[in-house]
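S.K.: quick check, what structure comes out for this input:
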Amino acid sequence: MKRRTLLSSGAALAAALTLPTTTAAAAAAQAEQEEPVRFQLPAPNGPYPVGTVALHLVDTARPDPWVPSRPCRELMISVWYPARGGVARPVAPWMPPAAADRYLSLLGLPPGRVRLGDTHGREGAPVGGPPGPLPVVLYSPGADASRSFGTGVAEDLAGHGFVVVTVDHTYDAAVVAFPGGRVETNPAGGMDDYGKALAVRTADVRFVLDRLAVLRAGGRPGVGRTPLPVGLRGALDLGRVGMLGHSLGGAATAATMLADGRITAGASLDGGAAGPVVAAGLDRPFLVVDTLGKGGMASTPALRTFWSHLRGWRLHLTVRGAAHQSFGDDALILPLLAPLLGMSPTDLADEVGTIPAQRAQAFQRAYPRAFFDLHLRGRGRLLDGPSPDFPEVDYAR
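M.R.: The predicted structure follows:
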């Protein structure tokens with residue numbers, strides 16, 4: 001279930017991190033003369049502009065489970081929503097600059113060699129879109145990943161009238177930037193205690209839901225002075241809540257649904273299943289998306305057992321040609337970074353598969369939205385059966 005992140009991609013990366021100082025200096029000097037590699041998400045295609053706001057949450061009732069010296073559990077979330085058109089606001093960066101700098105330095109990439117670009121979300125823009133309140137979707141990324149890697153799917157859902165909340169699980173994520181420029185990294189250099197991580201993520205998401213309820217009731221959900229977008233409180237329909245996750249985030253979706261009945265429907269993108277939910281199953285809608293490799297039903301006995309115990313609406317989709325990192329923004333970023341990380345074509349295919357990046361992106365824009373449209377809005381037919389528009393997608397009930 002472990003997400004093989006950019007931090008561990010390519011055998012050449014480990015060697016690069018131990019280059020002699022003179023070689024590293026020469027590489028940095030050469031990089032300064034080269035055109036930066038630029039990543040920019042494709043524009044979302046929904047009918048509404050997208051707004052976003054980042055919030056700092058503090059759970060004072062819970063010491064941090066990964067760093068016991070911290071008396072409180074701190075999280076960063078981003079809220080994405082349909083915005084009012086015609087409002088001039090700056091767009092949010094794909095990853096906060098302090099986090100991006102630290103992340104790229106952990107990869108061994110020289111400063112300025114990679115530009116991670118911006119999102120399409122206008123920071124703090126007033127809420128617009130369809131009449132509210134709107135269904136809410138929570139997003140949990142893979143192990144060692146940042147909430148930034150779910151930006152593409154978050155923007156798409158927001159542009160089609162959902163409120164999406166992406167969550168950084170601090171110290172599980174590779175990097176998390178807090179207000180004031182503080183950046184926290186995984187102190188162990190990589191998370192590998194999945195049982196503990198699932199319990200922590202479950203508690204994180206339940207706390208986020210509690211803070212959204214405070215927001216909906218008119219209170220302030222986070223700390224600091226971040227102004228809330230006009231109309232956000234009235235936009236949240238906490239009676240229609242879904243959850244989506246990639247890899248470990250998919251397993252966390254299932255585990256959190258077992259623990260918290262507030263989540264109406266869940267979807268897992270190449271994630272496994274672990275803990276009590278494997279035997280207990282769920283009585284609410286659940287979508288399993290997998291590949292023929294790492295996270296697939298065929299190679300994961302616990303996922304097959306979990307599937308057999310699903311008692312509500314269920315659907316199993318396999319995306320042929322995809323690999324574990326075909327879901328999320330990795331599918332677009334990794335091909336750009338592969339030459340810099342010394343990844344061979346075979347290494348890259350192991351990560352993102354052979355499916356064209358635009359097809360992976362098309363899947364991510366169509367199928368999660370179709371699932372939440374069906375189960376949070378009661379509309380849509382894409383999930384009824386195989387679609388000629390997506391011949392690479394296999395269906396199983």
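S.K.: what is the burial count for Ala203?
M.R.: Residues lying near Ala203 (other Cβ atoms under 10 Å) number 17. Yep, even glycine has a C-beta here, placed from its N, CA and C like the rest.
S.K.: give me the spatial nearest neighbour of it, chain neighbours excluded.
M.R.: Arg62 (6.7 Å; Cβ to Cβ, 6 or more residues apart in numbering).
S.K.: who are the contact partners of that neighbour?
M.R.: Cys72, Arg73, Ala203, Phe207 (Cβ atoms under 8 Å, 6 or more residues apart in numbering).
S.K.: and what of Ala235?
M.R.: Tyr81, Val127, Gly132, Pro133, Leu134, Val163.
S.K.: show me which of those has the smallest pLDDT value.
M.R.: pLDDT is lowest at Gly132 among these; the value there is 82.
S.K.: remind me which residues of the stretch 201-350 of the chain are low pLDDT?
M.R.: When residues are selected by pLDDT under 70, those of the stretch 201-350 of the chain lie in 294-295.
S.K.: which helix is the longest one in the protein?
M.R.: helix 194-216 (DSSP state H).
S.K.: and that one, what's buried?
M.R.: 194, 197-205, 207-209, 211-212, 215-216 (16 or more other Cβ atoms under 10 Å).
S.K.: report the distance from that helix to the chain centre.
M.R.: Centre-to-centre, helix 194-216 and its host chain are 15 Å apart (Cα atoms, centre = their mean, to the nearest Å).
S.K.: that helix - contacts with which helices or strands?
M.R.: Helices and strands in packing contact with helix 194-216 are listed as strand 50-59, strand 73-82, strand 134-140, strand 163-168, helix 232-235, strand 236-246, helix 248-259; criterion 3 or more Cβ pairs under 8 Å, 6 or more residues apart in numbering; DSSP states H and E.
S.K.: quick check: next helix or strand after the strand or helix carrying Ala360?
M.R.: Assigned by DSSP states H and E, Ala360 belongs to helix 357-372. Next in sequence after helix 357-372, counting helices and strands by DSSP H and E, comes strand 393-396.
S.K.: which parts of that following strand count as buried, going by neighbours?
M.R.: Under 16+ other Cβ under 10 Å, the buried positions of strand 393-396 are Val393.
S.K.: what lines up beside it in the sheet?
M.R.: strand 314-319 (antiparallel) (DSSP bridges).
S.K.: export the partner strand as CSV, just CAs?
M.R.: Provided in CSV are the C-alpha atoms of strand 314-319 (Å, rounded to 0.1, in the frame of the first residue of the first chain):
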residue,chain,number,x,y,z
ARG,A,314,-20.5,-1.1,-5.1
LEU,A,315,-18.5,-0.9,-8.2
HIS,A,316,-15.0,-2.2,-9.1
LEU,A,317,-13.2,-0.4,-12.0
THR,A,318,-9.9,-1.4,-13.4
VAL,A,319,-8.0,1.1,-15.6
